[in-house]
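In: Mind looking at a prediction? Sequence and model below.
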Amino acid sequence: MASGQREVDAWVEAFWFMQLLRLRLQFEQRQKGLPLSNRIDPDALNDLDRRILKEAFRQARKLQTKFEYWFLV
């Protein structure tokens, strides 16, 4: 697989992980009868989820940098 494709795959996986966390939070909120939100408290995550979230944010930052290059240059 080409390096560019791996990079795209990493961005996609980061997006899906963030969506998973968001939906898991909303499921828990719904079960408790709380209003739904998209705000995830990283301190409430287990160590593994927190590490993966940090990597997902790194991937999002890389994608933002690419967008700046592609659309602002």
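Out: Cool, got the structure. Note that the structure is a prediction, hence the values are computed from the model and not measured. Residues are numbered from 1 along each chain as shown.
In: Which helix or which strand is home to residue 38?
Out: Following DSSP states H and E, there is no helix or strand that holds residue 38.
In: Now stretch 3-11: buried residues?
Out: Buried residues in stretch 3-11, counted by 16 or more other C-beta atoms under 10 Å: 10, 11. No exception for glycine: its C-beta is placed from N, CA and C like everyone else's.
In: scratch that, stretch 66-73
Out: Quick answer for stretch 66-73: no buried residues (16+ other C-beta under 10 Å).
In: tell me the mean pLDDT for it?
Out: The average pLDDT for stretch 66-73 rounds to 85.
In: Quick one: residues in contact with it.
Out: By C-beta atoms under 8 Å, 6 or more residues apart in numbering, no residue outside stretch 66-73 reaches it.
In: Same check on stretch 12-24?
Out: The contact list for stretch 12-24 (C-beta under 8 Å, 6+ apart) reads 38, 40, 45, 49, 52, 53, 55, 56, 57, 59, 60.
In: where does the chain dip in pLDDT?
Out: The model of the chain has pLDDT under 70 over residues 1, 73.
In: Residue nearest the middle of it, spatially speaking?
Out: Note on the chain: the residue nearest the mean C-alpha position is residue 18, at 3.0 Å, using C-alpha atoms, centre = their mean.
In: That one: which element?
Out: Judged by DSSP H and E, residue 18 forms part of helix 3-31.
In: With secondary structure, distance to residue 71 and neighbour count as new columns, can the contacts of stretch 12-24 be given to me in JSON lines?
Out: Below are these laid out as JSON lines (DSSP: H, G, I helix; E, B strand; the rest coil; distance: C-beta to C-beta, whole Å; neighbours: other C-beta atoms under 10 Å):
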{"residue": "38", "secondary structure": "coil", "distance to residue 71": "25", "neighbour count": "10"}
{"residue": "40", "secondary structure": "coil", "distance to residue 71": "28", "neighbour count": "15"}
{"residue": "45", "secondary structure": "coil", "distance to residue 71": "32", "neighbour count": "16"}
{"residue": "49", "secondary structure": "helix", "distance to residue 71": "32", "neighbour count": "17"}
{"residue": "52", "secondary structure": "helix", "distance to residue 71": "28", "neighbour count": "18"}
{"residue": "53", "secondary structure": "helix", "distance to residue 71": "26", "neighbour count": "17"}
{"residue": "55", "secondary structure": "helix", "distance to residue 71": "25", "neighbour count": "14"}
{"residue": "56", "secondary structure": "helix", "distance to residue 71": "22", "neighbour count": "21"}
{"residue": "57", "secondary structure": "helix", "distance to residue 71": "21", "neighbour count": "13"}
{"residue": "59", "secondary structure": "helix", "distance to residue 71": "18", "neighbour count": "19"}
{"residue": "60", "secondary structure": "helix", "distance to residue 71": "16", "neighbour count": "14"}
